[in-house]
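J.: okay, sequence plus prediction incoming.
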Amino acid sequence: MYMLTEAQRIVRIPPAELGEDIADVIDSLSCDTFEGKLEEDKSIAILVRNVRPVGPGRIVHGDGAVYQTVKFEQIVFVPRDNEVIEGIVVEVLGFGAFVRFGPLDGLLHISQIMDDRVDIDEVNQRLVGKETGRYLAVGDVVRARIVSVDLNEKNPQDSKIGLTMRQPGLGKLEWIDEDARKHSNADAEAGKEAPEEKEKKVHKDVKSKGSEA
Amino acid sequence: MKYTRFEKARIIGARALQIAYGAPVLVDYPDDMLDSIDIAMLEYKQDAIPITVVRN
């Protein structure tokens, strides 16, 4: 989930940069220091903006640098359990696929891709469903649900995030459309209209959430 | 503002360290002045050091 929050932190201004316009220096240093970092509340700052110094900077013993308290707005990404995300398949391996969403990659295990037996097509870098013939390849856009979050504080890129797509409404976007069409056809045959509308609405909501990202 | 000798030492020390680490010098100083402490003291004499003391 993406959030816009306000934060207060301390930034270290090295002596060599004291000559430049201090507002610019604070801005770029804050971006460098805080963007892409994992905070204690398990959020990753994507963007830092509107950096404002708070009070005078401090000089500590033994270090010529100025320690300046700053306040800024930040866009953070917080991966939550059971959150539905949309991402791109970036790598296909023998045990599953990696899906990139926001600043992170999540692992989609081979057993969690679909309700089907999945074959690995190593030559074409694809994971193919044996009965349905559906396949997952690099570059596909998928909708998945986060099932486990284990963030690595030292290196956020190294965090382990587990995903699943074995659930109605999840999967490659083409599959979802296919299933929705199948359902609406079945509903039309049965003369029911209400469930179809409901499903469409849910579909739209999820989509708009995805485009926010 | 009149600083105590302790504050003076702290200001010149901190400023000398900054200059040693490459901070720009705010006064004209002779070419043969190579010691950052000397430069910091010159800045102090000319009241050019942008450091204030927070007393508590």
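T.: Perfect, thanks for sending it.
J.: surely residue A:105 meets residue A:99?
T.: Yes: under the criterion of C-beta atoms under 8 Å, residue A:105 is in contact with residue A:99, at a separation of 6.8 Å. Backbone N, C-alpha and C define where each C-beta goes, glycine included.
J.: ok, the two, which is more surrounded?
T.: Per other C-beta atoms under 10 Å in any protein chain shown, whichever of residue A:105 and residue A:99 has more neighbours is residue A:99, with 26 against 21.
J.: so the most centrally placed residue in chain B is in which element?
T.: Per C-alpha atoms, centre = their mean, the C-alpha nearest to the average position across chain B is that of residue B:40, at 3.2 Å. Secondary structure from DSSP states H and E places residue B:40 in helix B:36-45.
J.: now the residue nearest to residue A:95 when sequence neighbours are not counted: phi and psi?
T.: Of all residues not flanking residue A:95 in the chain, residue A:110 sits nearest, at 5.7 Å (C-beta to C-beta, 6 or more residues apart in numbering or on different chains). The phi and psi values for residue A:110, taken as degrees, to the nearest 10, are phi -60, psi -30.
J.: how many neighbouring residues does residue A:110 have?
T.: 19.
J.: thought the residue nearest to the centre of chain B was touching residue B:51?
T.: No: at 10.1 Å, residue B:40 and residue B:51 do not qualify as touching, with contact defined as C-beta under 8 Å.
J.: next to chain B, which bits of chain A? Give me the list.
T.: A:14, A:15, A:16, A:18, A:19, A:56, A:59, A:63, A:64, A:65 (C-beta under 8 Å from any C-beta of the partner chain).
J.: quick one: buried ones out of the residues you listed?
T.: The neighbour count (16 or more other C-beta atoms under 10 Å in any protein chain shown) marks A:14, A:15, A:18, A:59, A:64, A:65 as buried among those.
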